[in-house]
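Enquirer: Below are the sequence and a predicted model for it; my questions follow.
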Amino acid sequence: ADKINLIPQDFFAELCEQIIQHLNHKIPGINTTELCQRIQRAGVEINIGDLAKIANILSFLFSTAARNNLSTEELVTTLGSAGSTLPKHAVQVIRHVWNEQGRSISVAEDARSMVTVGQFVDMKWKLGVAMSSDTCRSLKYPYVAVTLTVADPSGQITDKSFEMTIPQFKNFFRQFKEMASVLETV
């Protein structure tokens, strides 16, 4: 509750709306890193870990409310009766977002059971050449650097980066071609 109190109402509303969109499978996840940077630029001291925890709590709140088919008033009453120490502005935002968009959350069993692994969001790559290092003056060693952007099951978006040698990349590419050919037969 103390950390939620730090977040300005407009940013908190944006976080809630992104969570609802994620639960409705309209966006792959919540980019808490980008949102945290914007909140920090607005002069609020909050770290990415705390914002991610808040996002997880709100995601659990909205998905549980959807699963139990709660009305806006039932959700607000439940928040109040649970000894909630949520700031007043947070409860108002939750009420507004749930009233406007919460009823649209799909809670089909198939959709819930399907999202148990991360989801691919984006991929960036670059070809580079290592020219030298502190142990070798003349490397001239080509490599492929890849950054995968994925959303974990809770919706947190993270980047995973790795480098491959040219033989590793050729193997990677061959495996993708095999996947593509199998998909063609489906």
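Expert: On my side now, so go ahead.

Enquirer: contacts, neighbours, all on C-alpha from now
Expert: Fine.

Enquirer: which secondary element of the chain has the worst mean pLDDT?
Expert: Lowest mean confidence among the helices and strands of the chain (mean pLDDT, DSSP states H and E): helix 109-114, at a mean of 44.

Enquirer: Beyond that helix, next helix or strand please.
Expert: The helix or strand immediately downstream of helix 109-114 is strand 119-130, counting by DSSP states H and E.

Enquirer: ok, then the element right after that following strand?
Expert: Strand 119-130 is succeeded, C-terminally, by strand 141-151 (DSSP H and E).

Enquirer: Which residues does that following strand contact?
Expert: The contact list for strand 141-151, computed with Cα atoms under 8 Å, 6 or more residues apart in numbering, reads 28-30, 118-131, 157-166, 169.

Enquirer: List the buried residues for it?
Expert: Neighbour-count burial for strand 141-151 flags 143, 144, 145, 146, 147, 148, 149, 150, 151 (criterion: 16 or more other Cα atoms under 10 Å).

Enquirer: which strands and helices sit next to the following helix or strand past it?
Expert: Downstream of strand 141-151, the first helix or strand assigned by DSSP H and E is strand 157-165. Applying 3 or more Cα pairs under 8 Å, 6 or more residues apart in numbering; DSSP states H and E, we find strand 157-165 packed against strand 141-151.

Enquirer: same thing but 10 Å
Expert: helix 32-41, strand 119-130, strand 141-151, helix 166-185 (3 or more Cα pairs under 10 Å, 6 or more residues apart in numbering; DSSP states H and E).

Enquirer: Distance from the chain centre to the next helix-or-strand element following the shortest one, please.
Expert: This points to helix 32-41. Using DSSP H and E, the helix or strand that follows helix 32-41 towards the C-terminus is helix 48-67. Distance, stretch centre to chain centre, for helix 48-67: 11 Å (Cα atoms, centre = their mean, to the nearest Å).

Enquirer: tell me the mean pLDDT over helix 48-67?
Expert: Helix 48-67 comes out with an average pLDDT of 88.

Enquirer: Report the inter-axis angle for it versus helix 32-41.
Expert: Following axes from the mean of the first three to the mean of the last three Cα atoms, to 10 degrees, one obtains 120 degrees for the angle between helix 48-67 and helix 32-41.

Enquirer: ok, residue 162 - contacts?
Expert: 125, 144, 145, 146, 147, 148 (Cα atoms under 10 Å, 6 or more residues apart in numbering).

Enquirer: Could you give the bridge partners of it?
Expert: residue 146 (DSSP bridges).

Enquirer: Which residue ranges make up each domain of this structure?
Expert: By the record's domain assignment, the chain is partitioned as 4-104, 119-184 (the TED database).

Enquirer: Point out where this protein drops to low pLDDT.
Expert: 81-84, 103, 106-117, 154 (pLDDT under 70).
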